[in-house]
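*Asks:* how would this look folded up:
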Amino acid sequence: MTAAKFERSREALVKDFTDVLAEAESLLKQAAKESGEKANDLRSQVEAKLRSAKIRLHDLHEDAAESARAAARVTDDYVRDNPWQAIGIAGAVGFLVGLALSRR
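*Replies:* Sure, this is the predicted structure:
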């Protein structure tokens, strides 16, 4: 999963959660006004919507975790194939971080 695709998925999930929460709030307000079977139906609708949102969140979490594992595998393979380049890159990054911190 690319960074742009992940960002779009995250934005879609945030929008979905906002929509689900707004709808759940509306249904709960209706349920407070109702009694008996109608209130039970509204509560079960809220539970179903929240369950659906939880499943989508879990799916996004799994996608992100798989993406992180893939990136770690690629990085590990690169370091194993090019150890001296990896040492050089790490040294350069360390130097730049040290330079940036020493200027503060």
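
*Asks:* from here on, contacts and neighbour counts on C-alpha atoms
*Replies:* OK.

*Asks:* What are the phi and psi values at the residue in the chain sticking out farthest from the centre?
*Replies:* Farthest-out residue of the chain from its mean C-alpha position, per CA atoms, centre = their mean: Gly36, at 38.2 Å. The phi/psi pair for Gly36 (degrees, to the nearest 10) reads phi 70, psi -140.

*Asks:* got a list of what Ala31 touches?
*Replies:* Listed by CA atoms under 8 Å, 6 or more residues apart in numbering, the contact set of Ala31 reads 38-40, 42-43.

*Asks:* Report the distance from stretch 19-31 to the chain centre.
*Replies:* 23 Å (CA atoms, centre = their mean, to the nearest Å).

*Asks:* And that stretch, what's buried?
*Replies:* Judged by neighbour count (16 or more other CA atoms under 10 Å), stretch 19-31 contains these buried residues: 20-21, 23-24, 27-28, 31.

*Asks:* pLDDT on that stretch, on average?
*Replies:* Averaged over stretch 19-31, pLDDT sits at 77.

*Asks:* what's the answer for stretch 79-99, then?
*Replies:* Rounded mean pLDDT across stretch 79-99 is 93.

*Asks:* Going C-terminal from the biggest helix by length in the chain, what's the next secondary structure element?
*Replies:* Secondary structure of the chain read by DSSP state H shows that its longest helix is helix 37-81. Using DSSP states H and E, the next helix or strand after helix 37-81 towards the C-terminus is helix 83-102.

*Asks:* Can you tell me what sits against that next one?
*Replies:* The contact list for helix 83-102, computed with CA under 8 Å, 6+ apart, reads 78-79.
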